[in-house]
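> How does the following fold in three dimensions:
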Amino acid sequence: MALRFYGKGGSEQESCPSVHADDTDGSLVIVGWPVEDPEVLAQIQAVSHIEPHERAFRVPKELKKALWEACGGNDPHFD
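Numbers count the residues shown, from 1 in each chain. I've put the predicted structure just below:
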């Protein structure tokens, strides 16, 4: 596995949410805050099933550009 780093943000500390892409299979690896709010999880469950081995993660808006680039986009203008 070869992870490519695309960006981090949303925290004033060294350990921040971050976006990485796996060059082996093209999947994304997202570091963020686990979603534990039952209301948010219920909204997700209304349209998509969360398997027992899966977790939902929240990433800050500052990572939109990094997510776009990790998916192959080029130089978007995000506010």
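
> tell me which element the residue of the chain most remote from its centre is part of?
Taking Cα atoms, centre = their mean, the residue of the chain most remote from its mean C-alpha position is Ala46, at 20.5 Å. With elements taken from DSSP states H and E, the one containing Ala46 is helix 38-47.

> Quick check: pLDDT value at Pro17.
Here, the pLDDT recorded for Pro17 equals 91.

> next one: Ala2
90.

> Now do it: how many residues are near it, please.
8 (other Cβ atoms under 10 Å). All C-beta atoms are positioned from the backbone trio N, CA, C, and that covers glycine.

> next one: Gly9
Considering only other Cβ under 10 Å, Gly9 is surrounded by 17 other residues.

> For Gly32, see how far away Glu62 is.
Going from Glu62 to Gly32 by Cβ to Cβ, to the nearest Å gives 11 Å.

> sorry, that was for Cys16
9 Å.

> where along the protein do the helices fall?
For the chain, applying DSSP state H gives helices covering 38-47, 64-70.

> among the ones you listed, where is the model least confident on average?
Taking the mean pLDDT of the helices of the chain, helix 64-70 comes last: a mean of 88.

> Only alpha carbons, please: show that helix as PDB.
In PDB, the C-alpha atoms belonging to helix 64-70 read as follows (Å, rounded to 0.1, in the frame of the first residue of the first chain):
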ATOM      1  CA  LYS A  64     -13.000  19.900   0.600                       C
ATOM      2  CA  LYS A  65     -10.100  20.900  -1.800                       C
ATOM      3  CA  ALA A  66      -8.000  17.900  -0.600                       C
ATOM      4  CA  LEU A  67     -10.900  15.500  -1.200                       C
ATOM      5  CA  TRP A  68     -11.500  16.900  -4.600                       C
ATOM      6  CA  GLU A  69      -7.800  16.600  -5.600                       C
ATOM      7  CA  ALA A  70      -7.600  13.100  -4.100                       C
END
